[in-house]
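K.L.:
Structure here, sequence nowhere to be found:
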């Protein structure tokens, strides 16, 4: 199995070089194989959001190795990171799921549109297919804001899959949903993981859901516990 | 989503549509600004054109007159002593030397349209026990009326002048108690004296002119002013009115005459035009500036409102340049649409103002000049202003840290 993600001795400090320099990640090691379904747990302030931002190429580590699909990211510039992020990583956030100026289908198309520059029929077909997969065909032309939280999160999952990414990062994807919707959203991700072999890294506070993942990694005080 | 539109345009249009209220308010602001600029520019151009038209239909564009007479003390002669004060000689009414030759020469120039010799001097109009000072102008009506459109101002009678006829102004007619067909006695200081019949009465729209101006046949004036066969000036019109000064200088250098162009004799008018244009430019610049600040303010607010959207877009692989373009395009669209609406507003205001703003005599205050060029310029400039105003907000959007934007 291919190694999708590899972290070695990842450290992250804020206010580097000043008197108030604080290190929040103290050397994280983590590896994920293709098809992994991993739960990242840990109390608030443990550094897991920072870790997720670093893995998602939204933030850079102060030191350590971060490789995505075997590509070392330390040497990449801002534009190259953006491109790598767009093509290999899908995001699912807890809040502010969708862009309200667009319909559900257009939101799913967005990563492809941003990548290609122009919309085309193929893009729309793929978006509709993905919406169909998450059970929202009927809602595809709905404005993104006229949907329930669970529905919006399912659209977000479809959007995260749009570029057929190797890795999907989900930051508390069910944290804002009722139990029933949360269960449905989690189950959907699990099914997609099984069907497509997509690698998922899910940050969660929910023990029940974590237990249904293949692996649980707990971060406490900036270290893997 | 239209397939031919790039992502940046789609996002820009959607963002503007989603914040429709904001968009409409700023559009109104831009439209008013552009409308004011269009209205002011067109009205000013119209007023100027009207003023030039009025100036040029009531006076020659170039007037040739005999050169000033100067005293030339004979300093070099033996035994002559120069007086401490050399007085300027009096300027007698003189004929232009060899004027028929000059006339032919003028007629042969391609840049001159009309050549009208005139004789003018002062006289006294008498009727009963009333007398009034007048300016007696002897003309060849068929050419002179092409320069000064007296026939357009005739209120009684006609513009034909018989050898014993005279055209007088309304005020003079009132003062003398004379009406069409009455006879008046005209005398001059040179001893000329003729009884002339009023052929027509005109109203030049100026009380002074209506009191003093009179027109008689060239020969009548020549004999009254004691200038048999002579003329005191040659009036000209030219093909290009703005070249009048250059032509006048050429003529003055070539012939023994003094040539005054309308540009020189109306220097004050040109100063006024320049001042108007300067203040107009200043007002336009400030209106443009306030429009630019308006657009920038709205876009800055929009960037703040959409920072989460921007963060998500950046997370899904949108490049900084793409985000930058989305906001620049919004600025451009706002500027362009605002200019379209503003141009329409400005044109509408011009048409309304043109209809209701009248001069005292009921004629139009300014001619309606709606040049396509003005609207194209206004739209282009407004679009550019929009894009430039969007630079700061767009940079701000492009440089948003996605981590902060999503968390915030």
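P.N.:
Perfect, I can see it now. None of these values were measured; they are calculated from a predicted model. Residues are numbered from 1 along each chain as shown, chains lettered A, B, ... in the order given.

K.L.:
could you measure the residue in the stretch 151-300 of chain B positioned nearest to chain A against residue B:398, distance?
P.N.:
Closest residue of the stretch 151-300 of chain B to chain A, C-beta to the nearest C-beta: residue B:299 (15.2 Å). (Each C-beta comes from the backbone N, C-alpha and C, glycine too.) Distance from residue B:299 to residue B:398, counting by C-beta to C-beta, to the nearest Å: 12 Å.

K.L.:
Compare those two and say which is more crowded by neighbours.
P.N.:
A count of neighbours by other C-beta atoms under 10 Å in any protein chain shown puts residue B:299 above the other of residue B:299 and residue B:398, at 27 against 21.

K.L.:
and the residue of the stretch 301-408 of chain B nearest chain A?
P.N.:
Closest point on the stretch 301-408 of chain B to chain A, by C-beta to the nearest C-beta, is residue B:317, at 1.6 Å.

K.L.:
what's the closest non-adjacent residue to that residue?
P.N.:
Spatial nearest neighbour of residue B:317, chain neighbours left out: residue A:86 (1.6 Å); criterion: C-beta to C-beta, 6 or more residues apart in numbering or on different chains.

K.L.:
Could you verify my assumption that that neighbour touches residue A:163?
P.N.:
Yes: with contacts counted by C-beta atoms under 8 Å, residue A:86 reaches residue A:163, the gap being 6.6 Å.

K.L.:
Can you pull the residues that touch both of the two?
P.N.:
Common neighbours of residue A:86 and residue A:163 (criterion: C-beta atoms under 8 Å, 6 or more residues apart in numbering or on different chains): A:111, A:115, B:317.

K.L.:
Among those residues, name the ones in helices.
P.N.:
Mapping these onto helices (DSSP state H) picks out A:111, A:115.

K.L.:
Go through the shared contacts of residue A:86 and residue A:163 and name the one nearest residue A:66.
P.N.:
residue B:317 (17.4 Å; C-beta to C-beta).

K.L.:
residues in contact with the closest one?
P.N.:
Contacts for residue B:317 (C-beta under 8 Å, 6+ apart) come out as A:82-83, A:85-87, A:111, A:114-115, A:163.

K.L.:
From those residues, pick the one nearest chain B.
P.N.:
Of the contacts of residue B:317, the one sitting nearest to chain B (C-beta to the nearest C-beta) turns out to be residue A:86, at 1.6 Å.

K.L.:
and the helix or strand where that closest one lies, what other elements does it pack with?
P.N.:
Element membership of residue A:86, judged by DSSP states H and E, is helix A:78-88. Other elements packing on helix A:78-88 under the criterion 3 or more C-beta pairs under 8 Å, 6 or more residues apart in numbering or on different chains; DSSP states H and E are helix A:104-116, helix B:320-356.

K.L.:
Tell me the secondary structure at residue B:184.
P.N.:
Following DSSP: H, G, I helix; E, B strand; the rest coil, residue B:184 is assigned to strand.

K.L.:
any idea how far it lies from residue B:148?
P.N.:
Going from residue B:184 to residue B:148 by C-beta to C-beta gives 22 Å.
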